[in-house]
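Q: Take a look and give me a structure for this.
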Amino acid sequence: MKAEAMKQTKYPLLPYSQLVWDMMQTDKEVYTFRSRARIEKTAGRGERIIEALRTAILNHPAFSMRVDEQGMQYYERLNDPLHGQFHDVDIEEKEYRIELTLTLNRILGDGISTMVVIEDFIRAYYGLPLEEDRYLEYLEQIEQNKQTERYLANKQWLEARFDILKVPVHPATDFPLTTSADWEEGLLTDDWSEYTDRLDNLQHSTLLPLTAIISLAAAMAIMDYNNTTEAALTWAYDGRETPMTEHIVGSLHRDIPFAISRNTTTTAQNDKEELSNLIKQASKEFRQGIAHSIYPYTLTPPHTEIWNYAVNVLEQTRPQQFVEHMPFEILTTDMQPNNKAYALLDIEIYSAPQLTIAYRYSATHYKLESIQHFAGLVKKNLLKLIYKNS
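A: From the prediction side, this is the model:
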């Protein structure tokens, strides 16, 4: 389909954006994040910043997408790139500094999208060319995929594999899920930097990526916490496996189901064999999950009734990591008025500046000591995997 025709076409929202849109129907501020950036003022800097922001934003069709009352998105190029349906950038020049107030909604894109926009802003500021964002082409491809036999086959495989599962997908909560409609966020961080080299060795010996290893340790921890021999969770796959998708701003990521079971016997003689079996399961789950991920199982009703509450393991990048590449010094502060929890429990992996695991949880449903206990079980199982395979 030609580019002009794609711009006039209405498309369904991508799965995670659809989830956000549905939540916005009862809470307009859901997944809306605000921050302020302060920059030293110099001659001409304000104009260059504004122009670079406009150039970067217009390079990504997601910012120009409108969503109608039926939840369908369509392209409508912005007259003012700094203000759209799901974003606002306000700039104020004071005597000695420039202040940027940024408002963004998660419906626009995932974590990688943020990095793409920052990179484009830096390039635009220096007058360098930007890589094309083929978001509209991607949407067209997704719709064509839905008509294929492969899409239907993946749907059937996932439903046959996971619909019959009756296993915990999160540590048992301290308070019922119906406790409150307003979830307060809690955060627990754990420094894992001392295990960096050992984890590198484990990845090399098992051929598993870090996300798979931590997903396995987390699934084992769910079993320990709930006293079961089976557990499941989801992990976030970035969905950018082709050159076309690398530079797209949008919610391309997929939350992939991941289920693990183990033997009830844990004697010293068979412990290493059992861990080897778990690693093989994790490898198979990871490969099969990606292979069938063209169908967004965990983000599609009625499966969301279970998987929306599953532990989700995801690798994150801190925007601060790009600060050193900025053309100027910048100080950012979070302006979020409250700490809402949008998930029951996420396990976030930060590889830089040092390996850190963050447990972002609903304090409405978990006590801090419960999350501390669960985090201890994750680390305990990670150490089992490290030392039994060394």
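
Q: Okay, strands next: where are they in this structure?
A: Ranges of strands within the chain are 11-12, 32-40, 65-67, 72-75, 87-93, 97-105, 185-191, 230-237, 254-261, 312-316, 330-334, 345-350, 356-362, based on DSSP state E.

Q: list the helices and strands the shortest one packs on?
A: Helices and strands in packing contact with strand 11-12 are listed as strand 72-75, helix 135-145; criterion 3 or more Cβ pairs under 8 Å, 6 or more residues apart in numbering; DSSP states H and E. Placement of C-beta: from N, CA and C, glycine included.

Q: The shortest one - what's its average pLDDT?
A: When the per-residue pLDDT values of strand 72-75 are averaged, the result is 96.

Q: Name the strands paired with it and say parallel or antiparallel.
A: Looking at strand 72-75 with DSSP bridges, its partner strands are strand 11-12 (antiparallel), strand 65-67 (antiparallel).

Q: Can you give me the neighbour number for Gln18?
A: Gln18 has 20 neighbouring residues, counting by other Cβ atoms under 10 Å.

Q: Glu230 now?
A: Neighbours of Glu230 using other Cβ under 10 Å come to 16.

Q: What separation is there between it and Tyr342?
A: 27 Å (Cβ to Cβ, to the nearest Å).

Q: re the thing from before, mind putting the strands paired with strand 72-75 in JSON lines, mean pLDDT, distance to Thr211 and mean neighbour count included?
A: Shown next, in JSON lines, are those (pLDDT from 0 to 100; distance: least, Cβ to Cβ, whole Å; neighbours: other Cβ atoms under 10 Å):
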{"stretch": "strand 11-12", "mean pLDDT": "97", "distance to Thr211": "27", "mean neighbour count": "16"}
{"stretch": "strand 65-67", "mean pLDDT": "96", "distance to Thr211": "29", "mean neighbour count": "19"}
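
Q: Looking at the ones you listed, which is nearest to Ala217?
A: strand 11-12 (35.5 Å; Cβ to Cβ).

Q: Check what pLDDT Phe33 gets.
A: For Phe33, pLDDT reads 90.

Q: which residues touch it?
A: 103-106, 334, 336 (Cβ atoms under 8 Å, 6 or more residues apart in numbering).

Q: what's the answer for Arg161, then?
A: Contact analysis of Arg161 by Cβ under 8 Å, 6+ apart lists 257, 259, 288.

Q: For the contacts of Phe33, please prepare a markdown table with the additional fields distance to Pro296 and pLDDT.
A: Output for the contacts of Phe33, formatted as a markdown table (distance: Cβ to Cβ, whole Å; pLDDT from 0 to 100):
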| residue | distance to Pro296 | pLDDT |
| --- | --- | --- |
| Thr103 | 27 | 94 |
| Leu104 | 23 | 94 |
| Asn105 | 20 | 96 |
| Arg106 | 16 | 94 |
| Asp334 | 30 | 73 |
| Gln336 | 28 | 63 |
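
Q: Would you report the backbone torsion angles of the residue nearest to Lys94 when sequence neighbours are not counted?
A: Using Cβ to Cβ, 6 or more residues apart in numbering and skipping the chain neighbours, the partner closest in space to Lys94 is Lys41 (7.1 Å). Here is the backbone geometry of Lys41 (degrees, to the nearest 10): phi -90, psi 130.

Q: Lys41 - how many residues pack around it?
A: When neighbours are counted by other Cβ under 10 Å, Lys41 registers 16.

Q: Report the separation between it and Glu92.
A: The value you get for Lys41 to Glu92, if Cβ to Cβ is used, is 11 Å.

Q: which residues do those two both contact?
A: With Cβ under 8 Å, 6+ apart as the test, Lys41 and Glu92 both reach Ile98.

Q: so where do the helices sit in the protein?
A: Assigned by DSSP state H, the chain shows helices spanning 3-7, 15-24, 45-58, 111-125, 135-145, 149-162, 196-206, 210-226, 268-291, 304-307, 368-388.

Q: out of those, which comes closest to Gly250?
A: Closest of the helices of the chain to Gly250 is helix 135-145, at 5.4 Å (criterion: Cβ to Cβ).

Q: Can you mark which positions in the closest one are buried?
A: Using 16 or more other Cβ atoms under 10 Å as the test for burial, helix 135-145 gives 135-140, 142.

Q: out of the helices of the chain, deepest packed?
A: Highest mean neighbour count of those: helix 210-226, a mean of 23 (counted as mean count of other Cβ atoms under 10 Å).

Q: Please find the angle between the direction vectors of that helix and strand 312-316.
A: Note on geometry: by axes from the mean of the first three to the mean of the last three Cα atoms, to 10 degrees, helix 210-226 and strand 312-316 are set 150 degrees apart in direction.

Q: Determine the set of other helices and strands touching helix 210-226.
A: On a contact count with 3+ Cβ pairs under 8 Å, 6+ apart, helix 210-226 meets helix 196-206, strand 230-237, strand 254-261, helix 268-291, strand 312-316, strand 345-350, helix 368-388.

Q: Kindly recompute the last result at 6 Å.
A: strand 230-237, helix 268-291, strand 312-316, helix 368-388 (3 or more Cβ pairs under 6 Å, 6 or more residues apart in numbering; DSSP states H and E).

Q: Can you say which of these is nearest to Thr179?
A: helix 368-388 (14.1 Å).

Q: So what angle separates the directions of the closest one and strand 345-350?
A: 50 degrees.

Q: Now do the contacts for Ala221.
A: For Ala221, the contact set (Cβ atoms under 6 Å, 6 or more residues apart in numbering) comprises 374, 377-378, 381.

Q: Kindly report the same for His292.
A: Going by Cβ under 6 Å, 6+ apart, the list of residues near His292 reads 154, 157-158.

Q: residues in contact with Leu139?
A: Tyr11.

Q: for Gly84, same thing?
A: Gly84 neighbours (Cβ under 6 Å, 6+ apart): 63, 78.
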